[in-house]
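In: quick one: sequence and predicted model below, then my questions.
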Amino acid sequence: MSRVRDKTGMTHNSLSADLLEQLIKAATKASTTREAIAALTELNTAEAVVWLITNEATARAQCAPRDLAELLDVVVKAGLAGRAGTRAGDLAKLVARYADLAHADTLATVANSLPAVLRNEELVGAVHKTLEREPRHAGLLRVALDHALRKKEMFEAHRLLTRLGRADDSQATLHFIWRKRSVLKPTDRPPVRIALMSSFTIDPLVHYLDLECRAIELEPEIYVTPFNSWAQEIIAETSGLRKFNPEIAFLSVSIDDLVGDLGGLISGDQLEEAGEAAVDRILVAAKQFAEWSDAALVVHSLLSVHREPLGILADRGKPGRAAWLERLNARLADELQKLPRAYVLDMTDVLLRRKGGALDNPKMRHMAAMRLCGPVVGDVARAYTHYIAPIKGLTRKCVVLDLDNTLWGGIVGEDGPHGIRLGGTSPGSEYQEFQRYLLSLTDRGFLLALISKNNPDDALEVIRSHEGMILREDAFSALRINWRPKPENMIGIAEELNIGVDSLIFLDDNPHERELMRQVLPDVLTPDLPADPSLYKATVEALPQLQKLAITEEDRTRTQMYQAKRQREQTRVSAGSLEDYLKSLDITVTIGQVDEASLPRVHQLFQRTNQFNLTTRRYAIADLEAIAGDRGCRLYTLRARDRFGDHGLVATALVRSEADTWRVDSFLMSCRVIGYGVETALLATVGEDARAAGAEKLIGEYIETAKNAPARDFYSRHGFSDLGTEDGVTQWVASLTDANQTLPAWIRREVA
């Protein structure tokens, strides 16, 4: 027990609260107060806890924040040890009162020591406040989760379970999360049906994949084929796989399972023959899957856990095991490319990016037939979402970037254009690497935009003339460099690009700006950037919302299209009237039927177009292939160009013929050509074709959504009559004898 000397010079083996207050009042240094409270904690912890609660203002005034935080930690640990009858409720009140200073571990320890019914709103509020400071603290997340479950806040519980999985992705925690979700009401997120087929045990992957799907706001339903029955499940007409009818399937077959002697000295012709037979087995199954399923199929590339036998390494005249696997994977990729909706997951790339841990756990391989172990399972699940996200239409359109400490190091307004960190060596090369990656996004069809709180002249000087800049002004489709709130500027960018805010990704190094964006515009995807800029590239390229399964010609030229749009806007401002402006554009449209080359772009329009989309029916690419081959349907395409550039394939319409009636099932157009009249040109073509085929009337359907207001008056503007609404579908009719739809005077039409 400490002996404390009071101001009279006497020492005491016990210390009352009154004497403590006298010591504090007489103190001239913060350390005196801290030592006095520490002494009281050792002598009577319960009294120290009560004093800190009732004298908060004094404690904060007399102790430095860091000292007080350390002191709280000491007091709480002593209290939890049960000294002097310290009450759990008082400890909870203490950490809640000092939530801004208490260590997250301290707060979590106290909260978790209490029964859930004793955690009051003040304590839970402190937990949430601390989570703002440390959002990945697993202990605090569990407390917040328990509270949400007690309050029956199901949506919040689902959200916290996902956050907990992100904070702690151990198998034990993922299993806990899986069990908790199983008793919760499903969310209203879009569903996705996923099948997992494998030659080895993959059950742990289900928990990780469920987490990753929910992180991108999908509600997954996952089917796992029975152990090593992947081939039978694909072939059998009554299999569980066929009954499940997945939207996407993943096939992971180990070469070690197909070639059983790889652990030995198999080599030469025997090795080649065995490898070819293994690839043939996978390809046969993939082809059979494609015959009955419209789902995407993703096949793992081949890996082996067995090292090259030394005898083979010494035989330089024979090809090595690595070269053999490379040839097998090349053939696998080439053949799968010939199949519709088939892709290869490069497992070597996945393993290069993994967070750590060995691919193979020999013990688990022998005991449970597991070939993916530890952190690798989570890495594989994350790789899967790169295919799932684009299939479900989750790919975003535009990346909006901050400047200072995001595209370069430092603050240009303070450091000057020549004082920022941006160049070929570190610090500075990290930002160049990030810029190169961002520039590559424009080649894949993504737009870039800028939002920066800066003096425009300072920022533009760097963008236009700094020798270290990779991204010049023409790489950006929109710029907002001013001092307005960033959410306000974000709305302006969405309006300028004519896309929804839910098509945007916001990247900013400042956590306060990120949190503001999340609160004001939650539909904008705002991921956290790491503190280390060398990790920016890896963080952003891992986003599932920046993945595409196919790159169209329109994707490759999208940035140039938006640059041309700026020129059109400048022309519009100087034009005398709207019709004069439209005539000055020299618009030409080419209208035809979908073909193999245009099908990926048409599918992209169906998946991603929201604003000018009359029914928002989402057809899979397999459905569109079937429609294209159906004589009772016509799937139109429209390409547009003008004197400033080529818009590309910007509109499509699906029309079904029914006796004397043609019915417009879907009519959709890219937002970038809204207002040019190209939709009228397409509708006029549909009407002419229907009339030529002997149809007497044209019926159009409209299904209102939260985003398709720009298309609401489409049919009324073109002379259609309202037939009424049933089950959310409004039908409009036009007589084909009246020829209501005519080509706009400023548009020239060509036939594909």
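Out: Thanks, I have the structure now. Numbers count the residues shown, from 1 in each chain.

In: can you list the weak-confidence ranges in the protein?
Out: 1-33, 83-85, 263-267, 307-319, 354-371, 373-374, 572-576, 738-740 (pLDDT under 70).

In: run a quick neighbour tally on residue 418.
Out: Using other C-beta atoms under 10 Å, residue 418 has 9 other residues around it. C-beta here means a position set from N, CA and C on the backbone, and glycine is covered the same way.

In: quick one: it and residue 458, what's the gap?
Out: Distance of residue 418 to residue 458, computed by C-beta to C-beta, to the nearest Å: 11 Å.

In: do the same with residue 544
Out: Distance from residue 544 to residue 458, counting by C-beta to C-beta: 35 Å.

In: so between the two, which is more surrounded?
Out: Between residue 544 and residue 458, counted using other C-beta under 10 Å, the more crowded position is residue 544 (23 against 20).

In: residue 386 versus the more buried one, what's the distance?
Out: For residue 544, the distance to residue 386 - C-beta to C-beta - is 5 Å.

In: and for residue 74?
Out: Distance, residue 74 to residue 386, using C-beta to C-beta: 48 Å.

In: who's more crowded, these two?
Out: residue 386 (22 against 17).

In: which residues does the residue lying closest to that one once chain neighbours are set aside contact?
Out: For residue 386, ignoring the flanking residues on the chain, the nearest one in space by C-beta to C-beta, 6 or more residues apart in numbering is residue 547 at 4.3 Å. Taking C-beta atoms under 8 Å, 6 or more residues apart in numbering as the criterion, residue 547 is in contact with 386, 387, 389, 390, 395.

In: ok, now which ones touch the fourth one?
Out: Yep, that's residue 390 we're talking about. 547, 548, 549.

In: list the contacts of stretch 217-229.
Out: 186-203, 206, 209-210, 213-214, 233, 239-241, 244, 246, 257, 369, 388, 392, 394.

In: put the alpha carbons of that stretch into CSV.
Out: C-alpha atoms of stretch 217-229 as CSV (Å, rounded to 0.1, in the frame of the first residue of the first chain):
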residue,chain,number,x,y,z
GLU,A,217,-25.1,-4.8,-50.2
LEU,A,218,-26.3,-8.1,-51.6
GLU,A,219,-28.3,-10.8,-49.9
PRO,A,220,-26.6,-14.1,-50.9
GLU,A,221,-28.0,-17.6,-51.1
ILE,A,222,-25.2,-20.1,-51.4
TYR,A,223,-25.4,-23.7,-52.6
VAL,A,224,-22.4,-26.0,-52.0
THR,A,225,-22.3,-29.2,-54.0
PRO,A,226,-21.6,-32.4,-52.0
PHE,A,227,-18.0,-33.3,-51.5
ASN,A,228,-16.1,-33.9,-54.8
SER,A,229,-19.3,-34.3,-56.8
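
In: can you give me the buried ones in it?
Out: 218, 220, 221, 222, 223, 224, 225, 229 (16 or more other C-beta atoms under 10 Å).

In: helices and strands around the helix or strand containing residue 251, which ones?
Out: Secondary structure from DSSP states H and E places residue 251 in strand 248-252. On a contact count with 3 or more C-beta pairs under 8 Å, 6 or more residues apart in numbering; DSSP states H and E, strand 248-252 meets strand 191-198, helix 268-292, strand 296-300, helix 375-391.

In: ok so, going back, the contacts of residue 547: which two are farthest apart?
Out: Distance extremes for these: the farthest pair is 387 and 395 at 11.4 Å, using C-beta to C-beta.

In: next one: stretch 509-528 to chain centre, how far?
Out: Remark: stretch 509-528 is offset 14 Å from the chain centroid, using C-alpha atoms, centre = their mean, to the nearest Å.

In: measure it end to end?
Out: Its first and final residues considered, stretch 509-528 spans 8 Å by C-alpha to C-alpha, to the nearest Å.

In: now stretch 687-707
Out: Stretch 687-707 end-to-end distance (C-alpha to C-alpha) = 27 Å.

In: what residues sit buried inside that stretch?
Out: 687, 689, 690, 695, 697, 698, 699, 700, 701, 702, 703, 704.

In: stretch 239-255 too?
Out: 241-242, 244, 246-255.

In: kindly report the same for stretch 178-189.
Out: For stretch 178-189, using 16+ other C-beta under 10 Å, the buried residues are 178, 180, 181, 187.

In: now do the contacts for the third one.
Out: Right, the one you point to is residue 181. Residues in contact with residue 181 (C-beta under 8 Å, 6+ apart) are 158, 161, 210.

In: element containing it, please.
Out: Applying DSSP H and E, one finds residue 181 within helix 171-182.

In: and that helix with helix 375-391, angle?
Out: 40 degrees (axes from the mean of the first three to the mean of the last three C-alpha atoms, to 10 degrees).

In: figure out how far helix 171-182 is from the centre of its chain.
Out: Worked out by C-alpha atoms, centre = their mean, helix 171-182 lies 22 Å from the chain centre.

In: ok, stretch 65-72 next?
Out: 39 Å.

In: what does that stretch rub up against?
Out: So stretch 65-72 is contacted by 30-31, 34, 37-38, 41, 52, 59-60, 63, 94-95, 98, 101-103, 106 (C-beta under 8 Å, 6+ apart).

In: burial of the spatially closest residue to residue 332 that is not a sequence neighbour, as a residue count?
Out: Spatially, and ignoring its direct neighbours in sequence, residue 332 is nearest to residue 279 (5.4 Å; C-beta to C-beta, 6+ apart). Neighbour count for residue 279, taken as other C-beta under 10 Å: 20.

In: go on, the one 3 residues further on?
Out: The local packing of residue 282 (other C-beta under 10 Å) involves 23 other residues.

In: I'd like to know how far the nearest residue to it once chain neighbours are set aside sits from residue 202.
Out: Computed as C-beta to C-beta, 6+ apart, the closest residue to residue 282 that is not its neighbour in sequence is residue 253, at 5.7 Å. Distance check for residue 253 against residue 202: by C-beta to C-beta, it reads 11 Å.

In: what's the spacing between the residue nearest to residue 332 and residue 415?
Out: Counting by C-beta to C-beta, the separation of residue 279 from residue 415 is 56 Å.

In: and residue 400, by the same measure?
Out: Here the criterion is C-beta to C-beta. By it, residue 400 lies 23 Å from residue 415.

In: more neighbours: which of those two?
Out: residue 400 (29 against 15).

In: quick one: contacts for residue 599?
Out: Residue 599 sits in contact with 621, 624, 625, 628, where contact means C-beta under 8 Å, 6+ apart.

In: may I see those organised as TSV, with neighbour count and distance to residue 496 added?
Out: Formatted as TSV, the contacts of residue 599 follow (neighbours: other C-beta atoms under 10 Å; distance: C-beta to C-beta, whole Å):
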residue	neighbour count	distance to residue 496
621	21	31
624	20	31
625	19	36
628	18	35
